[in-house]
Every structure is written in C-alpha cells, then in structure tokens.
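# 3D model of this:
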Amino acid sequence: QTCALPILNMYTWCDLTKQLPFTINIDELRRELDQLKDDSWLEHYDVTLSRGWKSIPLVSKNGEASGPESQRAAPYEEMKRTEICADLPAFSSLLDSFHCPQGRIRITRLDPGSGIDKHRDIGHEVANLAFRKVRLHIPIETNSSVYFWVDGEKIKMDTGRLYYVNFSKLHYVMNDGDSPRYHLVMDLGVNDWLEQFFPKPSPTDRVEMAFYRVTLPLFWYLRRKKVIWTTKFWQNYNGSWLQRFRHRYFPKT
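Next comes the predicted model:
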C-alpha cells in the first residue's frame, strides 16, 4: 500500500518515492548526520507536548539556528537556510532538488522511549494538501518500533523514502525501540512541480479539500478565542468575591 485514499479521508498519507525524478542517497545523508555535534540539537519549543524530541534547523525564520523559538513555523518568505545547512552538502543538494517553495526544514531526532503527544498542526504549522502546504518526511535512521498514529491509522515509515502525512488530523508518534529515530522533515509549498507527484484528486476529494479550507480556519479561530476567553476568566476569577462566595457556600466535598 502506497497511499491511503478512503472516502472523506483525503490523503491521510502517501508514499511519494516512486514518483520522484531523482533518487534519495540515504548513505550520504547518514554520513553527514554522523558529523553533527551533540550540542547542535535543539529541544522542542513546546515541552508540554514532546518528550525526547530534538531538531537541527536547516531552513528557519531568518536562518536562525539557536534556541527553541528558531524552530517555529513562519511565512515562507521569511525562511532562509541556516549556516548548519551550508556545511551539509548532501542535505543541501537534496533540498535543491525540490523545485517548490520551502518553509521550515529540520533534521529531527526522537530518542528511545520518547514521543510527541496527540495534537493537530494549525495556522502557520498546517500541513494539509488542501491548503497547498505539506510536510514531507524522509526517514534517515529508524527502527521497527517507531510508529505514527494519524486519525486512528497506524503508519510505519521506511528509511530512504518520501512520505506525505496530513498533520492537520489528530496525530502522535512514539519510539518504543532502543535506538534514536532521525527524519528529514520539510515544510513545502505545493506548486505545479510538486503537485504532479501526488495522486490526482477525485471529485469527492476536491469537495473535501474545499470543505477543509472553509471549516479548519474557523475551527482554529474558535479554538484560539476559547484559550483567550478561558485565560481571562481565570485571571479575573482567582481571588474574586465570586470565588470566595463559592468556596464559602459551596465547598468541594
């Protein structure tokens, strides 16, 4: 199976390797991976979400490569290659092979016994073909106990292959093996060149993509407002007369 295309489940994931007009030289990537220093790896900017996940930025906002914030997504026009990328000719050559807009690109490491909790990627983070922004994974080193779960589906990725996953769906990843997992993770804009490697969408797929483009931004907006409203409520409630009244007359049992 190379692509999951169930009805009303538009492109949950696809293996795009066979469609590529070039080969991925995984041995060269591994050699350069071995050259990277341990102090180059950055912790995830959301420590409440991930455990044992680190990355090295190759393309980042203004080419920054220090501190967790340099890993955040940003508009593509603000993204530049980092100095680290300049010292990795095999990785740089591979990025040159993708003739499409390039956003955040990282080498990611997931240590044994670690994972990233359930979440959806939204806003600048969105990775969904419907928005013509995708996140492609190339496993460089992995083990048989590393799995993604996306929208309830278990996905196993093999080294040296190129995968698209719709990360706007609920997903998480675990490394239950005894060795680290290393992936090249690329946020790319979908132009005519990149679009040709994806399966041609059916009329049903097109309807679903249009539905995503309308409903997901609304969902993100309401979710953001909920966080703001909830934060303001607790800021005003804590220490207020209402809180004192409740604790006096309606104590918890």
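# would you check that Pro201 makes contact with Met209?
Yes: the pair Pro201 / Met209 is scored as a contact, 6.9 Å apart, by C-beta atoms under 8 Å. Where C-beta positions appear, they are placed from N, C-alpha and C, glycine not excepted.
# so how many other residues sit close to the closest residue to Ile122 other than its chain neighbours?
Closest residue to Ile122 apart from its sequence neighbours, by C-beta to C-beta, 6 or more residues apart in numbering: Trp220 at 4.6 Å. If you count neighbours by other C-beta atoms under 10 Å, Trp220 ends up with 16.
# Arg223 now?
Residues near Arg223, counting by other C-beta under 10 Å, number 13.
# where's it relative to Lys200, distance?
The gap separating Arg223 from Lys200 is 32 Å, by C-beta to C-beta, to the nearest Å.
# residues in contact with the closest residue to Arg223 other than its chain neighbours?
Distance criterion C-beta to C-beta, 6+ apart; nearest residue to Arg223, sequence neighbours excluded, is Ile122 at 7.5 Å. Contact analysis of Ile122 by C-beta atoms under 8 Å, 6 or more residues apart in numbering lists 168, 216, 220, 223.
# element containing the second one, please.
The one in question is Leu216. Element membership for Leu216 (DSSP states H and E) is helix 203-237.
# residues in contact with the following helix or strand past that helix?
Scanning forward in sequence from helix 203-237 by DSSP H and E, the next helix or strand is helix 241-249. Helix 241-249 is contacted by residues Tyr237 when judged by C-beta under 8 Å, 6+ apart.
# may I see the buried residues of helix 241-249?
Within helix 241-249, no residue is scored as buried using 16 or more other C-beta atoms under 10 Å.
# could you do stretch 130-144 as well?
Neighbour-count burial for stretch 130-144 [16+ other C-beta under 10 Å]: 130-142.
# same question, stretch 49-68
50-61, 63, 65.
# okay if I get these as CSV plus pLDDT?
What follows is the buried residues of stretch 49-68, written out as CSV (pLDDT from 0 to 100):
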residue, pLDDT
Ser50, 79
Arg51, 83
Gly52, 87
Trp53, 89
Lys54, 91
Ser55, 92
Ile56, 94
Pro57, 94
Leu58, 96
Val59, 96
Ser60, 93
Lys61, 91
Gly63, 92
Ala65, 87
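# measure Ala130 to Val150 for me?
The gap separating Ala130 from Val150 is 15 Å, by C-beta to C-beta.
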